[in-house]
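**Student:** Quick one, structure for this:
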Amino acid sequence: MGAGPSGKSEIDTTEAKRILKILEDNLDAFTSGDGTPSDLQSHGNITQAQLGGPQFDTAVQLGETTADAYRVISEQYNNFVQSYTQVIQALRRAVQGHDDKEQQNTATVNSVQPTNVTSPTTSNTQTY
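**Tutor:** Next up is the predicted model:
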């Protein structure tokens with residue numbers, strides 16, 4: 001995408017669609033499986049009970065710290081995924097807008113019919 005030699009906006013829709021597919025596949029990986037916030041919540045978040053709390057002050061504090069860390073990580077991760085999704089949506093809109101314009105231009109060109117055009121005959125042409 002960008003300005004071409006004529007200064008007009010140009011986009012290689014084939015390449016943009018290939019990039020979109022890669023971004024969408026990455027997004028799927030970001031939102032499912034190992035390392036996602038829900039995976040961390042299920043497998044990595046240590047609770048006070050697991051640490052021996054509430055009998056031990058250290059266990060209580062470590063449990064609270066772990067919960068706070070999870071909240072921060074989860075929030076940052078969700079913000080990242082949201083921003084990543086917005087990039088995909090913006091690129092998708094750019095590609096769709098370009099495709100729509102191409103179709104509109106093609107339809108316009110195809111609808112233009114020359115007027116008063118007749119086949120050449122000896123009476124409407126000159127001899128050079």
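**Student:** For the rest of this, base every contact and every neighbour count on C-alpha atoms.
**Tutor:** OK.
**Student:** What segments of this structure are helices?
**Tutor:** Counting by DSSP state H, the chain forms helices over residues 13-31, 37-43, 48-51, 57-111, given from the N-terminal end onward.
**Student:** what packs against the first one?
**Tutor:** To tie it back to what came earlier, the one meant is helix 13-31. helix 57-111 (3 or more CA pairs under 8 Å, 6 or more residues apart in numbering; DSSP states H and E).
**Student:** and the helix it packs on with helix 13-31, angle?
**Tutor:** Taking axes from the mean of the first three to the mean of the last three CA atoms, to 10 degrees, one finds helix 57-111 and helix 13-31 inclined to each other by 160 degrees.
**Student:** other SSEs contacting helix 57-111?
**Tutor:** Based on contacts counted as 3+ CA pairs under 8 Å, 6+ apart, the elements that helix 57-111 packs against are helix 13-31, helix 37-43, helix 48-51.
**Student:** Centre of the chain to it, how far?
**Tutor:** Going by CA atoms, centre = their mean, to the nearest Å, the spacing between the C-alpha centre of helix 57-111 and its chain's C-alpha centre is 7 Å.
**Student:** pLDDT on that helix, on average?
**Tutor:** Averaging the model's pLDDT scores along helix 57-111 yields 89.
**Student:** ok, the most centrally placed residue in the chain - contacts?
**Tutor:** Here the mean C-alpha position of the chain is nearest to the C-alpha of Ile88 (CA atoms, centre = their mean), at a distance of 0.7 Å. Neighbouring residues of Ile88 by CA atoms under 8 Å, 6 or more residues apart in numbering: Leu20, Leu23, Glu24.
**Student:** What about those residues, which one has the most neighbours?
**Tutor:** Each of the contacts of Ile88 was scored for neighbours by other CA atoms under 10 Å, and Leu20 scores highest at 18 neighbours.
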